[in-house]
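Peer 1: Here is the input, now give the coordinates:
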Amino acid sequence: MQPGQRNLITDVEGLRVGNSHSEALRSGSTVLTADRPFTAAVHIMGGAPGTRETDLLAPDKLVQEVDALVLSGGSAFGLDACSGVADSLRAQGRGYTVGDQRVPIVPGAILFDLLNGGDKAWPRNPYYSLGEAALANATADFQLGTAGAGFGAMTGSHKGGLGSASLVLPSGLTVGALVAVNALGSVTVGDTAHFWAAPWEYGGEFGGRGPCATCAPTAAPRLRKRMGEATTIAIIATDARLTQAQCQRLATAAHDGMARAIVPSHTPLDGDLVFAAATGAKPLQDPLTETFHLGHAAATCLARAIARAIYHAKSLPGDLQPTWSQLHP
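Peer 2: So this is what the prediction gives:
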């Protein structure tokens with residue numbers, strides 16, 4: 001396996017990602033979309049999720065495909081970014097057909113960034129407009145680090161951010177990850193520059209420091225964030241033709257990547273979740289073997305994307321946490 005041309009989730013052909021954020025608000029939103037609906041599912045392992053339309057993504061529900069997926073800051077307020085995306089898609093003629101009506105299906109998830117120092121005294125919820133702008137910005141190339149849903153994110157030890165990575169499998173299938181990292185846990189081993197995800201790094205994509213040979217991984221983590229201001233939300237995508245049940249299994253497998261890259265993860269105070277998306281461009285030739293490989297690639301991509309989110313974070317005036325590059329120049 002090797003990273004795709006961009007090393008982004010948009011190496012899955014047909015997918016686009018848009019970011020929108022506000023420096024004053026110190027928050028933002030990110031949208032994943034495509035020219036046609038795609039199969040999607042979700043798996044939630046955190047204890048404090050904030051979501052929209054995730055019940056619809058169960059394999060036994062009526063609607064099997066979605067028009068977009070949204071990741072956003074803003075806690076519960078950030079779910080309004082989905083409304084901005086849905087209204088914009090409806091204006092484009094997109095959506096599930098019910099009689100003469102079109103209803104865009106736009107599930108989303110949020111992270112908590114309300115205590116990060118930004119101006120949250122808004123007279124009107126700003127996330128609707130951030131969702132609209134994110135969709136308008138959707139393209140194959142997009143910014144990592146301090147951008148979109150990761151703009152105001154933090155972790156247990158470093159400033160958080162938005163990350164992405166991809167892999168092309170020997171079969172020709174592509175897998176990509178997109179993640180907003182705002183974890184209660186830490187992405188590095190203690191106070192070192194070494195990422196927990198280091199064993200899965202390709203070509204120095206997040207600094208090339210490698211694993212820490214002298215660290216004690218069993219040391220109890222220090223809680224450096226206030227209880228509740230957490231959550232890592234992610235999307236795994238592939239061009240394989242998967243059912244919604246197979247997508248759900250892909251999302252479940254991807255959580256292993258989160259556990260590899262963030263210590264601890266899936267806590268009662270994080271709303272950790274993973275969406276899975278399948279464009280269906282390529283049928284499975286050997287379903288048992290290929291779904292096995294897809295799950296492994298999903299976990300690997302997500303671990304790398306998490307590290308890349310922190311590696312690419314940029315320093316801004318008023319930051320409450322240092323970036324990885326400030327601590328480890």
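
Peer 1: can you pull the buried residues of the lowest-mean-pLDDT helix or strand in the chain?
Peer 2: Using mean pLDDT, DSSP states H and E, the weakest-scoring helix or strand in the chain turns out to be strand 96-98, at a mean of 89. Buried residues in strand 96-98, counted by 16 or more other CB atoms under 10 Å: Y96. For every residue, glycine as well, the C-beta is placed using N, CA and C.

Peer 1: Residues touching that strand, excluding its own?
Peer 2: V63, R102, V103, P104, I105 (CB atoms under 8 Å, 6 or more residues apart in numbering).

Peer 1: so which two of these are the farthest from each other?
Peer 2: Farthest apart among these by CB to CB are V63 and R102. That separation is 13.0 Å.

Peer 1: what separates D141 from G14, distance-wise?
Peer 2: 15 Å (CB to CB, to the nearest Å).

Peer 1: Please identify which of the two sits among more neighbours.
Peer 2: Taking other CB atoms under 10 Å, D141 and G14 do not tie; G14 has more neighbours (16 against 9).

Peer 1: what sits against the residue nearest to W122 when sequence neighbours are not counted?
Peer 2: Take W122 and drop its neighbours on the chain: the residue closest to it by CB to CB, 6 or more residues apart in numbering is L25, 7.4 Å away. L25 is in contact with G118, D119, K120, W122, P126, G152, counting by CB under 8 Å, 6+ apart.

Peer 1: ranking the residues you listed by neighbours, who comes first?
Peer 2: That'd be G152 among the contacts of L25, by other CB under 10 Å, with 31 neighbours.

Peer 1: Give the rounded mean pLDDT of stretch 54-68.
Peer 2: Here stretch 54-68 scores 92 as its mean pLDDT.

Peer 1: What of stretch 236-248?
Peer 2: Averaged across stretch 236-248, pLDDT comes to 96.

Peer 1: same deal with stretch 210-225?
Peer 2: On average, the pLDDT along stretch 210-225 is 67.

Peer 1: residues contacting P268?
Peer 2: So P268 contacts G47, A48 (CB under 8 Å, 6+ apart).

Peer 1: brain fart, S265
Peer 2: Taking CB under 8 Å, 6+ apart, we find S265 in contact with A183, G185, T232, M258, A259, D272.

Peer 1: Model confidence for the spatially closest residue to the last one that is not a sequence neighbour, exactly?
Peer 2: Translated: D272. Spatial nearest neighbour of D272, chain neighbours left out: G46 (3.3 Å); criterion: CB to CB, 6+ apart. Per-residue pLDDT puts G46 at 85.

Peer 1: ok, back up a step: closest one to L56 out of the contacts of L25, please.
Peer 2: Distances from L56 to these, taken by CB to CB, are shortest for P126, at 25.8 Å.

Peer 1: Wait, V187 touches V181, no?
Peer 2: Yes. Look at V187 against V181 with CB atoms under 8 Å: they come within range, at 6.9 Å.

Peer 1: joint contacts of these two?
Peer 2: By CB under 8 Å, 6+ apart, the residues touching both V187 and V181 are T155, I262, I306, I310.
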